[in-house]
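Enquirer: got a structure for you, letters missing:
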């Protein structure tokens, strides 16, 4: 159920049939090599969410691309708002989703640059009392069995990262007209080694990704196929649907959250 396609009456019914679960797919606008569209992560996140909603009904929030992508501002087409605006905007959007009746909200992440940010955002939900639960979920995670199937049934390069075999295959399935394999620049996906010392010392720096992959491509996409992308997307959708089903069935997360707030309040009343 796509939020933007519902009439008011349909929306009210969707609240009931969705178990008051809303999934907000988050991508970004950034370079994906020279062969994929800027909205690759956004398209994949939305497609996976829409397919999962067919398996386990929930409401899918409209396209959302205000993500953590500061490290790609050196390429045209990137939309990178400040961290402060990212936090505030997502916070306001989540509040509005709750005001519209949903008390279980899933941030379905389709962009690797969001990993730390979204987990931190979810942690900040404990800053003040709330009557809803927010979850962060990485859409690309597969089980060992699913990975094994893909590796044994398709020819794959074995190295992945960004604008790679997986993402290219997914867009080939979603809309092959958006993929330009003739524009690949062989070798651009190889790490430059300029940030290897930081990795060796278990360090993380804001310039780390740029140091290794300034061209925004990591992992060989040359063996990409639409069929691989189809199966991969189906796995991702099935996994999200399974997670949403468990979220619907769960009655403890919100109770524990309220218990946590109550215990926090008790501290201020210590005699």
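Expert: Alright, I've got the coordinates. Note that the structure is predicted; figures quoted are calculated from it, not measured.

Enquirer: For the rest of this, base every contact and every neighbour count on C-alpha atoms.
Expert: Noted.

Enquirer: how far away is residue 87 from residue 116?
Expert: In this structure, residue 87 and residue 116 are separated by 12 Å, where distance is defined by CA to CA, to the nearest Å.

Enquirer: and if you look at residue 132?
Expert: Distance, residue 132 to residue 116, by CA to CA: 21 Å.

Enquirer: cool, and residue 73?
Expert: Distance, residue 73 to residue 116, using CA to CA: 19 Å.

Enquirer: how many neighbours does the closest residue to residue 157 other than its chain neighbours have?
Expert: Once its chain neighbours are removed from consideration, residue 157 has its nearest residue in residue 220; the separation is 6.3 Å (CA to CA, 6 or more residues apart in numbering). Each residue near residue 220 was counted by other CA atoms under 10 Å, and the total is 25.

Enquirer: cool, residue 178 as well?
Expert: Using other CA under 10 Å, residue 178 has 15 neighbouring residues.

Enquirer: Could you do residue 156 as well?
Expert: Counted with other CA under 10 Å, the neighbours of residue 156 add up to 19.

Enquirer: Could you do the one 10 residues further on as well?
Expert: By the measure other CA under 10 Å, the count of residues near residue 166 is 26.

Enquirer: can you check the one 4 residues further on too?
Expert: By other CA under 10 Å, 27 other residues sit near residue 170.

Enquirer: Just to be sure, it is in a helix?
Expert: Yes - Residue 170 forms part of a helix when assessed by DSSP: H, G, I helix; E, B strand; the rest coil.

Enquirer: right, and it touches residue 229 too?
Expert: Yes - the pair residue 170 and residue 229 qualifies as a contact (CA atoms under 8 Å) at a distance of 3.9 Å.

Enquirer: residue contacts, residue 162?
Expert: Counting by CA atoms under 8 Å, 6 or more residues apart in numbering, residue 162 touches 32, 216, 217, 218, 219.

Enquirer: mind redoing it with 7 Å?
Expert: 216, 217, 218, 219 (CA atoms under 7 Å, 6 or more residues apart in numbering).
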